[in-house]
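Colleague: quick check, what structure comes out for this input:
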Amino acid sequence: MSKTRVNIANGVSCAVVTGSGITFSVLVYVLFDKILQAALKRSGGFGGYAAYASSPVWSIGLAFVFPGFIGTVSSCARCKGGYITQMVFCILTLIFTGIIFIICVLALGAFSRPDNQLCRTEGDKCVCEGSKSASAMTCEDLNDINSIAVGIVAMVVVGWIMTLVATILGGVLACER
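Modeller: Prediction:
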């Protein structure tokens, strides 16, 4: 494959990495804002997570944005030093976001969706058949929170895979003469 095609593939994969980071940041912000809004309507539920709504947890997405931006600029400039810098940042991002992925999957269990056929909203609570306690949020709020959490995990996976691709392509471009 010619160097031009590899360079274009690198630029596209880095643009997808940047987009994944931005989408991840937006979804994390929306998740904690949704939790905050639900916690303000009623007490309990995920109210313990509401404190994160004002914290910069969303900035974790910048772990994807930096190497993606560096790779995109390197592909446009076609400079060997840029490809090496891209590889270093991509490797650090792969390690960091691998840990973030594990945390996201574990947290996804906390945001599990109630079964719509067995659960119903009664007042401000989601009551499920066979459960001894009711959730402190409505079933709709729980479903919204779960959907956003699944989107966050998906963005981490897409960003991680594309960062791995960008690392490999950056290495190929840095090693070619």
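
Colleague: residue ranges with poor pLDDT in this structure?
Modeller: Where the chain drops to pLDDT under 70, the residues are 1, 40-54, 110-117, 130-136, 177.

Colleague: can you list the residue ranges for strands in it?
Modeller: 119-122, 125-128 (DSSP state E).

Colleague: tell me which of those strands sits most buried.
Modeller: Among the strands of the chain, strand 125-128 has the highest mean neighbour count (mean count of other C-beta atoms under 10 Å), at a mean of 18. (Glycine included, C-beta is placed from N, CA and C.)

Colleague: output the strands of the chain as a markdown table; include the columns distance to Asn146.
Modeller: Putting the strands of the chain into a markdown table (distance: least, C-beta to C-beta, whole Å) gives the following:
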| stretch | distance to Asn146 |
| --- | --- |
| strand 119-122 | 12 |
| strand 125-128 | 12 |
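
Colleague: which one of the ones you listed lies nearest to Thr23?
Modeller: strand 125-128 (27.9 Å; C-beta to C-beta).

Colleague: so which elements touch that closest one?
Modeller: Secondary-structure packing of strand 125-128 (3 or more C-beta pairs under 8 Å, 6 or more residues apart in numbering; DSSP states H and E): strand 119-122, helix 139-175.

Colleague: what strands line up against the first one, and which way round?
Modeller: Meaning strand 119-122. strand 125-128 (antiparallel) (DSSP bridges).

Colleague: check which residues of the longest helix belonging to the chain are buried.
Modeller: The residue-count maximum for a helix in the chain (DSSP state H) belongs to helix 3-41. Of the residues in helix 3-41, 6-7, 9-25, 27-32, 34-36, 38-39 count as buried by neighbour count, 16 or more other C-beta atoms under 10 Å.

Colleague: quick check: Phe101 vs Val6, distance?
Modeller: 27 Å (C-beta to C-beta, to the nearest Å).

Colleague: how far does stretch 145-155 sit from its chain's centre?
Modeller: 8 Å (C-alpha atoms, centre = their mean, to the nearest Å).

Colleague: who touches it?
Modeller: Outside stretch 145-155, the residues that touch it by C-beta atoms under 8 Å, 6 or more residues apart in numbering are 20, 23-24, 27-28, 30-31, 34-35, 38, 46, 61, 101, 104-105, 107-108, 111-113, 137.

Colleague: do the same with stretch 94-110
Modeller: Residues external to stretch 94-110 that are found in contact with it (C-beta under 8 Å, 6+ apart): 46, 60, 63-64, 146, 149-150, 152-153, 156-157, 159-160, 163-164, 167.

Colleague: now list the buried members of those.
Modeller: 46, 60, 63-64, 146, 149, 152-153, 156, 159-160, 163-164, 167.

Colleague: dump the helices and strands packed on strand 125-128 to TSV, plus distance to Ile95.
Modeller: Output for the helices and strands packed on strand 125-128, formatted as TSV (distance: least, C-beta to C-beta, whole Å):
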stretch	distance to Ile95
strand 119-122	39
helix 139-175	10
